[in-house]
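In: Okay, here's the prediction I keep looking at, along with the sequence it came from:
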Amino acid sequence: MIDKAKKSLLFWIVIAPMLLAALYFSVFAAERYVSESVVTVRQSGEVASALSGLGGLLGGLNSPSREETLYLQQYVLSLDMLRHLDAKLGLRKAYESEQMDFIYRLYGGTSQEWFLRYYRNRVAVHFDEVNGLLTVSVQAFDPALAQAANAEILGQSERFVNEISHRLAREQLAFAEAELRKASERLREAKNRLLAFQNKYGVFDPMAQAQAAASLGGQLDAEVARKEAELKAMLAFMQDTAPAVISLRNEIGALKAQREIEQQKVASGKGDRLNRLASEFHNLSLEAGFAEESYKAALAAVESTRIEASRKIKNLVVIESPAKPETALYPMRLYDLATLLVGLFLLYGIVLLVIATIQDHRD
């Protein structure tokens with residue numbers, strides 16, 4: 001009786017499932033082909049150094065393009081990529097074509113979310129932390145479709161990487177150019193204010209004029225002092241009414257009058273003090289000079305940003321192009337059947353153990 005029960009359990013737990021699995025793999029299971037490609041993201045100007053040992057490992061782990069590669073990994077498995085592939089290659093219809101394979105086919109009318117889950121089970125993206133390589137594997141019922149889908153994924157990935165790097169470069173350059181425009185506008189306004197001041201008061205450089213007037217006044221003072229000393233010496237042996245004395249006095253008077261005129265120019269000119277004009281002109285000159293220096297710095301920043309942005313542009317490097325598979329990789333019939341057989345025997349043993357334990361407790 002016990003042997004009969006064990007045989008019954010063996011049939012229903014091991015033999016029947018194995019027969020069904022063998023029937024599925026021999027009749028219903030569709031061939032699934034896999035196309036693989038290997039890519040990586042590299043920065044322009046990034047020199048690949050042939051490092052070995054721990055240094056090489058650290059170099060791979062800390063690659064400046066690692067973050068972009070992880071972004072790419074998520075993009076390949078995204079809904080945007082799935083929509084593009086479906087629109088370009090008719091992916092949904094291709095996965096629905098194998099009507100007999102009721103396990104691995106895509107059923108018609110499935111939702112977008114379920115289609116995305118199905119797609120992620122057919123497309124695998126593996127990132128190698130050591131060397132920074134990204135392996136893309138695409139399963140399809142047709143070898144040509146597997147290759148075409150993988151190639152289209154690489155094409156879209158290249159556009160995605162280029163768009164990210166170029167967008168960042170454009171944003172950085174746009175900011176620098178905006179600062180340059182502001183600096184240029186400030187410089188133009190400062191020069192216009194300086195020019196308006198010169199036109200308003202009819203002076204080119206009040207500071208230079210004030211310095212010239214002060215220098216001329218000093219020269220006149222020195223000349224007056226020299227002439228007065230000469231007059232004192234002359235009066236020591238000549239009369240006040242002597243023609244030479246009178247002439248010298250007249251010359252001294254003319255010098256003093258000219259000196260008074262020059263002092264008036266410094267003290268007030270055209271209703272405004274020349275020193276006030278010089279002070280205002282000095283402030284305007286400082287503003288114009290500062291605006292010019294800011295403009296030069298902004299111009300240098302634009303050139304530096306343009307060079308740096310072009311140096312940091314990322315590119316998708318294809319290490320291994322997707323090939324058209326010649327042999328179906330899945331299903332692995334013998335392996336799957338052997339794995340299933342081992343699992344079923346384990347289940348059968350567990351059931352027998354449970355039954356034996358129950359019977360022991362009853363006894």
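Out: That came through, no problem. Numbers count the residues shown, from 1 in each chain.
In: what about Ile319, which SS state?
Out: Here Ile319 is strand, with the state taken from DSSP: H, G, I helix; E, B strand; the rest coil.
In: Which secondary structure element is home to the spatially closest residue to it that is not a sequence neighbour?
Out: Spatial nearest neighbour of Ile319, chain neighbours left out: Val38 (4.1 Å); criterion: Cβ to Cβ, 6 or more residues apart in numbering. In this view, the C-beta of every residue, glycine as well, is placed from N, C-alpha and C. Taking DSSP states H and E as the criterion, Val38 maps to strand 33-43.
In: how distant is that strand from the center of its chain?
Out: Computed by Cα atoms, centre = their mean, to the nearest Å, the separation of strand 33-43 from the middle of its chain amounts to 23 Å.
In: So which elements touch that strand?
Out: Applying 3 or more Cβ pairs under 8 Å, 6 or more residues apart in numbering; DSSP states H and E, one finds that strand 33-43 contacts helix 66-76, strand 134-140, helix 143-201, strand 314-320.
In: Neighbours of the residue nearest to Ile319, how many?
Out: 17 (other Cβ atoms under 10 Å).
In: Also Ala328?
Out: Neighbourhood size, Ala328 [other Cβ under 10 Å]: 17.
In: Check whether it really touches Ala29, as I assumed.
Out: No. If you go by Cβ atoms under 8 Å, Ala328 and Ala29 don't touch, sitting 10.0 Å apart.
In: Can you verify my assumption that Arg193 contacts Ser285?
Out: No. Look at Arg193 against Ser285 with Cβ under 8 Å: they stay out of range, at 10.3 Å.
In: just checking, next helix/strand downstream of the helix or strand hosting Lys4?
Out: Using DSSP H and E, Lys4 sits in helix 2-10. Scanning forward in sequence from helix 2-10 by DSSP H and E, the next helix or strand is helix 16-23.
In: Send me that next one as CSV with only the CA atoms.
Out: Taking C-alpha atoms only, helix 16-23 is exported to CSV below (Å, rounded to 0.1, in the frame of the first residue of the first chain):
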residue,chain,number,x,y,z
ALA,A,16,3.9,13.9,-15.1
PRO,A,17,5.7,17.3,-14.8
MET,A,18,8.7,15.9,-16.7
LEU,A,19,6.4,14.6,-19.4
LEU,A,20,4.7,17.9,-19.7
ALA,A,21,8.0,19.8,-19.8
ALA,A,22,9.4,17.4,-22.4
LEU,A,23,6.2,18.0,-24.5
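In: So what touches it?
Out: With contact meaning Cβ atoms under 8 Å, 6 or more residues apart in numbering, helix 16-23 is reached by Asp336, Leu337, Leu340, Leu341, Leu344.
In: Tell me the buried residues within those residues.
Out: Buried by 16 or more other Cβ atoms under 10 Å: Leu337, Leu340, Leu344, out of the contacts of helix 16-23.
In: Can you give me the pLDDT of the residue lying closest to the first one once chain neighbours are set aside?
Out: Across the structure, with Cβ to Cβ, 6+ apart as the measure, the residue nearest Leu337 apart from its sequence neighbours is Ala21 (6.1 Å). Ala21 carries a pLDDT value of 92.
In: And the one 3 residues further on, by the same measure?
Out: Looking at Tyr24, its pLDDT stands at 89.
In: Looking at the record's assignment, how would you partition this structure?
Out: Listed by automatic domain parsing, the domain ranges of the chain are 43-170+316-352, 175-310.
In: Make a markdown table from those domains and add distance to Phe25 to it.
Out: Below are the domains of the chain laid out as a markdown table (distance: least, Cβ to Cβ, whole Å):
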| stretch | distance to Phe25 |
| --- | --- |
| domain 43-170+316-352 | 5 |
| domain 175-310 | 55 |
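In: still on that earlier bit, tell me which two of the contacts of helix 16-23 sit farthest apart.
Out: The span of these, defined through Cβ to Cβ, is set by Asp336 and Leu344 at 12.2 Å.
In: list the helices and strands the helix or strand Ser279 falls within packs on?
Out: Assessed by DSSP H and E, Ser279 sits inside helix 274-311. Here helix 274-311 touches helix 143-201, helix 206-235, helix 243-267, going by 3+ Cβ pairs under 8 Å, 6+ apart.
In: now the angle from it to strand 33-43?
Out: Angle of helix 274-311 versus strand 33-43, following axes from the mean of the first three to the mean of the last three Cα atoms, to 10 degrees, is 150 degrees.
In: Which phi and psi values does the residue in the chain sticking out farthest from the centre adopt?
Out: Of all residues in the chain, Gln239 has its C-alpha farthest from the mean position, at 94.9 Å, by Cα atoms, centre = their mean. The phi and psi torsions at Gln239 (degrees, to the nearest 10) take the values phi -80, psi 160.
In: Now it. Nearest residue, chain neighbours left out?
Out: Val245 (7.1 Å).
In: ok, the one you found touching Leu235?
Out: Yes. Counting by Cβ under 8 Å, Leu235 is a contact partner of Val245 at 6.5 Å.
In: Give me the buried positions along stretch 330-346.
Out: Pro331, Leu337, Leu340, Leu344.
In: out of the residues you listed, what pair is the most spread apart?
Out: Longest distance between any two of these is 17.5 Å, between Pro331 and Leu344; criterion Cβ to Cβ.
In: And the residue nearest the centre of this protein?
Out: Leu168 (3.4 Å).
In: quick revisit: who does the strand holding Val38 pair up with?
Out: strand 134-140 (antiparallel), strand 314-320 (antiparallel) (DSSP bridges).
In: Many thanks, I have nothing further to ask.
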